[in-house]
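> My questions concern the predicted model and sequence given below.
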Amino acid sequence: MMQKFLSGIVGLVAIFALAGCGNQKLTVGSSTKTPSGMVAVIKGKTNKDAKISYRVKGQTKKSVKNTDGAYVIEIPATTKTQKVTVTSQKGSDVLTKNVTIKKTKALANYKSIATKYNQAVIGMSLSKSTQKKAQELATAEKKAKATSTKTTSAAKAKAEIAKLPARQQKKALAKLQAQQKEMLALQKEAKEVQTAMAASKKKNKDKLLPTSLNNGVQNVITQKNYTVRVNHQNKNLMGITLIVPVKAMKQKSGQKDFGTVFALLTSEVGAKPKSVMKQFKKVQKDAKNSTSTSTTTHVIKSNGVKFQVGYSTTHLYIYITK
């Protein structure tokens, strides 16, 4: 009799244990994710009153908002495969799920892109005459490097001339004086260009990319007509998102800002601006005839660079990745 009673108790305990497990749930979708845009997205369901957190291997644990039993986690893309553990805790009950994030290619070295982009922004802001002087200086520098491998002082040059036959000294001296005059003129122009560039840099400081960043997805330029967001990982530029208010695209100033920034970003990451812009115009035309609100519905490719284009009700999004 006692044996039957104990067997019944054990059976009830097992049933309650199973019921307890059944009340605790956690889903993550596919166990392997491929980044889209600049991030990989893990989303799923859990209990409404559970605490959700995740940890990327080698990093600290982070909490996630539980919205009525649903959650979304965004993991920035990197050049290495990432192992993520998602945890749902309800009282003393804990469930975990493992997710693998595939590695992706970097666009380029971030500092290199930032330097070239900033130089372009600063240069475009210079007056036509200053731009011409800057081009002349660049040509003169290139010519000097091609014709000479070392710099000779004026005193040393005169000493060398003094060693020449008397009939050659006058001609050589005149040539030296002409070169010195040209050099003085170039030095003056160089100072003028440097001063103008410093003024342009100060004027456009809010439109320039920071030269150093912490790892992660972050806004790096925020203007009225556009925002530039990047994913920076260990000196690598993993991706860029150009975000433009739809209302800005309906104004001339907004269209100009968008065209300039989009062309610069396209050029600096190694794509062909003309080709990309031509494809974008077609995407824009198609979007006007579409009712979709997806932000990654159209893809443009150029020189191995991918541009995912989409519209929400308020913004245009362009995700630039490889």
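Thanks, I have the structure now.

> just the helices in the stretch 201-322 of the chain please.
252-268, 273-288 (DSSP state H, counting those that start in this stretch).

> oh sorry, the question was meant for the stretch 1-150 of the chain
So, for the stretch 1-150 of the chain - with DSSP H, counting those that start in this stretch - the helices run 2-23, 110-124, 128-147.

> nearest to Lys25, of the helices of the stretch 201-322 of the chain?
helix 273-288 (38.7 Å; Cβ to Cβ). Using the backbone N, CA and C atoms, a C-beta is placed for each residue, glycine as well.

> mean confidence score for the closest one?
Averaged over helix 273-288, pLDDT sits at 87.

> The residue lying closest to Ser127 once chain neighbours are set aside: what secondary structure?
What sits nearest to Ser127 in space, not counting adjacent residues and going by Cβ to Cβ, 6 or more residues apart in numbering, is Ala196, at 7.3 Å. Three-state call for Ala196 (DSSP: H, G, I helix; E, B strand; the rest coil): helix.

> Next up, the contacts around Ala196.
126-127, 130 (Cβ atoms under 8 Å, 6 or more residues apart in numbering).

> Give the buried subset of those as a ChimeraX selection command.
Command for ChimeraX, covering only those of the contacts of Ala196 found buried under the criterion 16 or more other Cβ atoms under 10 Å:
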select :126,130
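
> quick one: low-confidence parts of the stretch 201-322 of the chain?
Scanning the stretch 201-322 of the chain for pLDDT under 70 picks out the ranges 287, 289-297.

> all strands of it, in order?
Counting by DSSP state E, counting those that start in this stretch, the segments of the stretch 201-322 of the chain that form strands are 216-222, 227-233, 236-245, 298-302, 305-311, 315-321.

> What are the contacting residues of the longest one?
To tie it back to what came earlier, the one meant is strand 236-245. 37-38, 76-79, 104, 106-110, 113, 225-232, 254, 258, 261-262, 265, 269, 314-321.

> Neighbouring strands of it in the sheet, and parallel or not?
strand 108-109 (antiparallel), strand 227-233 (antiparallel), strand 315-321 (antiparallel) (DSSP bridges).

> Check the offset of that strand from the chain's centre.
5 Å (Cα atoms, centre = their mean, to the nearest Å).

> got the angle for that strand vs helix 252-268?
For strand 236-245 against helix 252-268, the angle by axes from the mean of the first three to the mean of the last three Cα atoms, to 10 degrees is 160 degrees.

> mean pLDDT lowest for which of the helices of the stretch 1-150 of the chain?
Looking at the helices of the stretch 1-150 of the chain, the weakest mean confidence is helix 2-23, a mean of 49.

> Walk me through the domains of this protein.
Structural domains annotated on the chain: 23-101, 126-203, 216-321, as defined by automatic domain parsing.

> mind checking the end-to-end distance for the longest one?
So that's domain 216-321. 15 Å (Cα to Cα, to the nearest Å).

> Check the offset of it from the chain's centre.
11 Å.

> next one: stretch 71-82
The answer for stretch 71-82 is 15 Å, by Cα atoms, centre = their mean.

> contact partners of that stretch?
33, 35, 38-46, 52, 54, 56-57, 64-65, 84, 86, 100-106, 215-217, 231, 233-234, 236, 238-239, 321.

> For ChimeraX, write a command that selects the buried ones of the contacts of strand 236-245.
Selecting only the buried entries of the contacts of strand 236-245 in ChimeraX, with 16+ other Cβ under 10 Å as the criterion:
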select :37,38,76,77,78,104,106,107,108,110,113,225,226,227,228,229,230,231,232,254,258,261,262,265,269,315,316,317,318,319,320,321
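
> quick one on the thing from earlier: would you format the helices of the stretch 201-322 of the chain as CSV with distance to Ile243 included?
Output for the helices of the stretch 201-322 of the chain, formatted as CSV (distance: least, Cβ to Cβ, whole Å):
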stretch, distance to Ile243
helix 252-268, 10
helix 273-288, 15
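
> okay, the ones you listed, which one's buried deepest?
helix 252-268 (a mean of 17; mean count of other Cβ atoms under 10 Å).

> Can you list the helices and strands that that one packs against?
Judged by 3 or more Cβ pairs under 8 Å, 6 or more residues apart in numbering; DSSP states H and E, helix 252-268 is in contact with helix 110-124, strand 236-245, helix 273-288, strand 315-321.

> Please work out the angle formed by the directions of the third one and strand 315-321.
Okay, so that is helix 273-288. Using the same axes, to 10 degrees: helix 273-288 against strand 315-321 is 140 degrees.

> related to what we said a few turns ago, possible to save the domains of the chain as a markdown table with distance to Leu209?
Conversion of those to a markdown table gives the following (distance: least, Cβ to Cβ, whole Å):
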| stretch | distance to Leu209 |
| --- | --- |
| domain 23-101 | 16 |
| domain 126-203 | 12 |
| domain 216-321 | 6 |
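
> among the ones you listed, which is nearest Pro210?
With Cβ to Cβ as the criterion, Pro210 lies closest to domain 216-321 of the domains of the chain, at 5.9 Å.

> Name the nearest residue to Val261, sequence neighbours excluded.
Computed as Cβ to Cβ, 6+ apart, the closest residue to Val261 that is not its neighbour in sequence is Tyr226, at 5.6 Å.
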